[in-house]
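**Student:** predicted structure and sequence below. I'll ask about it afterward.
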Amino acid sequence: EGGRVRASPMCLLVWGLRQELRVVLLGRSGAGRSATGNTLLGEERFESHLASQPVTTTCSDGRRHWRRWCVVVVDTPAIFGGSQWDKQHLAEERKRCLEFAAHEPCVLVLVTQLGRYTREDREVCRRPSALCHPSTWCHASLSPLSFLCCPPGPAGAVCAAALPADTTTAVRRVPVLPGDGRGSTMRLLLVGKTGGGRSATGNTLLGRRVFESKLSTTPVTRSCKSATGHWDGEDIVVVDTADIFHLWNGSNEACREITHCIELSSPGPHVLLLVTQLGRFTQEDQEAVRGVQDIFGVGVFRHMVVVFTRGEELVGGSLHNYVTHTDNRALRNLIQSCWNRYCSINNRASGAERDQQVQQLMNKVRETVRENEGRYYSNELYLDPFLTEEKVRYHMEKAARPWGVLLDSLSYRRVLTKCGIILIVIALIFIFVLIWWKR
């Protein structure tokens, strides 16, 4: 649909090319989450029966197809209300819940019993707002009572497990969600070395001077900052970053600004714009690239576009020729890691020239979003609902270890590795059978 297809490999294999929709069921213990999930799935997928103790103890999911959707229903334990579990178990389950909800489009369904809206229900409504990014509430499907104590969102829907017809009604409301690609906010994160032109590029994208930008021997941007804009019918959030991509020094200020960067771009950036000057990809640029990789992980390059500032210095030349014929091996490797996504920009341009350059850059941005099936980038820092500077410090120290990047890279290739192992095992079995047959 418009090139924006979001579907997990599982959905593609089982249901064909269908758009994935995630439905996360929240509510107090005994409210009927599991029964509602079974009704949505049309089968007894989740355990549901009368009991004095909570029946659901861990997050689980089930899948079915409905029209053009691959619907993933996520049943959760009572992780946001009064609970009998220890803090560690609660933290683990909340993190799992956020991992399930990190994919767009996703809808939160608050399940409550008709005529029994209790204090525990109100607590369930209050807690997710502290854990989830505010934009998630735009995706919430709210019953009339829970709407009174939760942030406003789209018109609520009541989904009663006793009425199967309501399943269609509840799911039918979902296609108008912001995460469905219509009216959604695109988050762009500016990264790169100090003095490369991050702030000026952000101002060019927004069409106004928001971020301080001037020539200076010291870093001008002291703290991460975000601003909103509008381009070609789409809302964008641009996040300018401080000097956090240099070699890790373990300072409290670096931990604080990395935490701030994660908060401003939460639940995750759709595209990272790596800003560097044309003709000057230096050792500092290489260190900044390594810093971006340490913070966000190896997989971030799938969401990255290289932006060359001072595009006017091409003087009629071709950026493609410059990139393909450069003798800077580090720059060539970077371009390849970013799937050959790059463009140039002149931050001094104005009027029609500026609009044309922004259009070219936004075309690259949308191409990147389309190639990633509309998903924004996320890692363990974004998924942690209680991110602290100490956790950031631990993450950075782990990434700075010689084997940290290798482990991170392996985690992103887990599925490919498993498939490779299976193929090798099949090949070995075939060889042994062939040898035995010849004997």
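**Tutor:** Yep, it's here.

**Student:** so where do the helices sit in the stretch 101-250 of the chain?
**Tutor:** 119-131, 144-147, 165-172, 198-206 (DSSP state H, counting those that start in this stretch).

**Student:** give the rounded mean pLDDT of the longest helix seen in the chain.
**Tutor:** The longest helix of the chain (DSSP state H) is helix 414-438. Looking at helix 414-438 alone, the average pLDDT works out to 84.

**Student:** got it, and stretch 253-264?
**Tutor:** Here the average pLDDT along stretch 253-264 is 94.

**Student:** would you indicate which residues of that stretch are buried?
**Tutor:** Going by neighbour count (16 or more other CB atoms under 10 Å), the buried part of stretch 253-264 is 254-262, 264. Just so you know, the C-beta spots here come from the backbone N, C-alpha and C atoms, and that holds for glycine as well.

**Student:** neighbouring contacts of that stretch?
**Tutor:** Here stretch 253-264 makes contact (CB atoms under 8 Å, 6 or more residues apart in numbering) with 189, 223-226, 239, 241-244, 248, 295, 381-382, 387-390, 392-393, 396.

**Student:** closest one of the buried residues of stretch 253-264 to Arg22?
**Tutor:** Ile262 (22.0 Å; CB to CB).

**Student:** okay, now the unreliable bits of the stretch 1-150 of the chain?
**Tutor:** Residue ranges of the stretch 1-150 of the chain with pLDDT under 70: 1-19, 50-53, 67-68, 80-85, 102-105, 115-116, 124-150.

**Student:** for Asn372, see how far away the residue lying farthest from the centre of the chain is.
**Tutor:** Relative to the mean C-alpha coordinate of the chain, counting by CA atoms, centre = their mean, the farthest residue is Arg439 (55.6 Å). With distances taken as CB to CB, to the nearest Å, Arg439 is found 51 Å from Asn372.

**Student:** please apply the same query to Arg341.
**Tutor:** 11 Å.

**Student:** which one's more surrounded, those two?
**Tutor:** Between Arg341 and Asn372, counted using other CB atoms under 10 Å, Arg341 has the larger neighbour count: 21 against 15.

**Student:** tell me which residues touch the more buried one, please.
**Tutor:** With CB under 8 Å, 6+ apart, Arg341 has these contacts: 304-306, 364, 367-368.

**Student:** I'd like these laid out as a markdown table, including secondary structure and neighbour count.
**Tutor:** Converted to a markdown table, the contacts of Arg341 look like this (DSSP: H, G, I helix; E, B strand; the rest coil; neighbours: other CB atoms under 10 Å):
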| residue | secondary structure | neighbour count |
| --- | --- | --- |
| Met304 | strand | 25 |
| Val305 | strand | 20 |
| Val306 | strand | 24 |
| Lys364 | helix | 17 |
| Glu367 | helix | 15 |
| Thr368 | helix | 20 |
